[in-house]
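Asker: I would like the atomic coordinates for the input below:
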Amino acid sequence: MGCKKSNDLPDPLEAGWNGQSVCEVLEDNQELRVLKCTFAPNIGHQKHHHNPILVIH
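Answerer: Sure thing, here's the model as predicted:
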């Protein structure tokens, strides 16, 4: 076992369901990324990853 630095999973925008895109970009800039993802009942995203975030107050 070891620490794996790279991720082979797609990000939420690239992930879909059965080859179909389920998300659209509502806002994407250096400070904010907002996606609207729409699914049929009882359906979800394919496995995906989220980039780490840093919040400074």
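Asker: mean confidence score for stretch 17-27?
Answerer: Stretch 17-27 carries an average pLDDT of 89.
Asker: what does that stretch contact?
Answerer: The contact list for stretch 17-27 (Cβ atoms under 8 Å, 6 or more residues apart in numbering) reads 12-13, 15-16, 33-39, 43-46. Where C-beta positions appear, they are placed from N, C-alpha and C, glycine not excepted.
Asker: how far away is E31 from I53?
Answerer: 11 Å (Cβ to Cβ, to the nearest Å).
Asker: could you do E14 as well?
Answerer: For E14 relative to I53 (Cβ to Cβ), the value is 18 Å.
Asker: go on, G16?
Answerer: 23 Å.
Asker: neighbour count for the two, which is higher?
Answerer: For G16 versus I53, the count of surrounding residues by other Cβ atoms under 10 Å is larger for G16: 17 against 5.
Asker: surely the more buried one and H48 touch.
Answerer: No. Here G16 lies out of contact with H48, judged by Cβ atoms under 8 Å, at a distance of 9.3 Å.
Asker: residues near the nearest residue to I43 once chain neighbours are set aside, how many?
Answerer: Among residues not flanking I43 along the chain, W17 sits closest, at 5.7 Å (Cβ to Cβ, 6 or more residues apart in numbering). Counted with other Cβ under 10 Å, the neighbours of W17 add up to 14.
Asker: now swap in the one 5 residues further on and tell me
Answerer: Other residues near V22 number 20, with proximity taken as other Cβ under 10 Å.
Asker: so L35, which state does it fall into?
Answerer: strand (DSSP: H, G, I helix; E, B strand; the rest coil).
Asker: for G16, see how far away the residue nearest to it when sequence neighbours are not counted is.
Answerer: Leaving aside its sequence neighbours, L35 sits nearest to C23 (Cβ to Cβ, 6+ apart; 4.5 Å). Here C23 is placed at a distance of 8 Å from G16 (Cβ to Cβ).
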